[in-house]
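# Any chance you can model this:
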Amino acid sequence: MTQIKQIGLLLLVLFVAYGFAAFFVPKYLSRGYIESFNSKRTELHLLEIGNAWKLDSIVLEGRGNYSIEDRKNISEFQLRLEDERLYCQYWSPVTSEDIPANFVEKRIYYWESFWLWKNKRLFEQDVFEKKGRDNTDTELIIGFNFKNDSSYANQSKFITAVFRDSVNRYAENNNLEICGNGLVVLEGSEFISVSDALSILKDW
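Just a heads-up that it's a prediction; the model follows:
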């Protein structure tokens with residue numbers, strides 16, 4: 001009986017210790033995604049995070065590492081048991097010094113979980129935007145994928161929200177119906193090389 005109690009006590013101690021670790025380790029790791037990575041950021045053409053930056057928000061982007069289609073067949077209980085929470089930190093500079101004029105925000109995506117081995121950084125992205133004169137804006141993203149240790153860039157062109165809203169209002173006020181994807185036909189997204197993205201930024 002004494003041995004059973006000892007085993008039970010040991011299990012309780014281990015459970016409590018793991019609980020503390022599961023609470024503090026993810027927080028420690030998410031803070032470690034910030035300045036400790038600065039030495040690598042310059043090499044990857046990402047902006048460094050320093051004292052002149054502020055964390056605007058941390059947003060829970062989703063639960064579970066599933067596609068939208070697979071997610072339909074996954075129960076809420078299973079999601080809570082697996083405990084895979086996708087978070088994004090949104091950062092911006094306090095001052096514009098040494099920051100490109102078209103810079104919008106920095107995003108750092110990561111998994112946070114009670115299960116310690118699931119805590120990991122996924123992506124970091126610097127987002128830039130140029131306002132167009134033809135009711136379209138261009139968004140440029142330079143990022144780094146921690147899963148496969150590679151840099152990437154993405155360029156997107158999209159219709160401005162103001163123009164989209166004005167078209168919708170016009171249609172509504174004149175009893176017109178918007179059919180198909182007429183409003184999004186100009187939208188597009190493509191992956192480009194990081195060097196091309198840097199050249200685009202210089203032209204902006």
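
# pLDDT-wise, which helix or strand of this protein ranks last?
helix 161-173 (a mean of 66; mean pLDDT, DSSP states H and E).

# Against residue 82, how distant is residue 29?
As judged by CB to CB, to the nearest Å, residue 29 and residue 82 stand 18 Å apart. Glycine gets a C-beta too; all of them are placed from N, C-alpha and C.

# follow-up on the earlier one: now do the buried residues in the very next helix or strand once past the least confident helix or strand of the chain.
Moving toward the C-terminus from helix 161-173, the next helix or strand (DSSP states H and E) is strand 188-192. Buried residues in strand 188-192, counted by 16 or more other CB atoms under 10 Å: residue 192.

# and what of stretch 110-129?
Within stretch 110-129, judged by 16+ other CB under 10 Å, the buried ones are 110-114, 119, 121, 123-129.

# And for stretch 197-204?
Under the neighbour-count criterion of 16+ other CB under 10 Å, stretch 197-204 has 197, 200-201 buried.

# Please apply the same query to stretch 82-97.
Residues of stretch 82-97 classed as buried by neighbour count (16+ other CB under 10 Å): 82, 84-91, 93.

# where's it relative to the chain centroid, distance-wise?
7 Å (CA atoms, centre = their mean, to the nearest Å).

# which one's the longest helix in this structure?
Longest helix of the chain, by residue count under DSSP state H: helix 2-32.

# where in this structure is pLDDT low?
1, 32, 35, 160-172, 174-188 (pLDDT under 70).

# at 50 what do you get?
Along the chain, the model assigns pLDDT under 50 to residues 184-185.

# Tell me the one among the buried residues of stretch 110-129 nearest to residue 9.
residue 114 (22.6 Å; CB to CB).

# mind listing what that closest one touches?
Residue 114 makes contacts with 22, 83, as judged by CB atoms under 8 Å, 6 or more residues apart in numbering.

# Thank you kindly, that will do.
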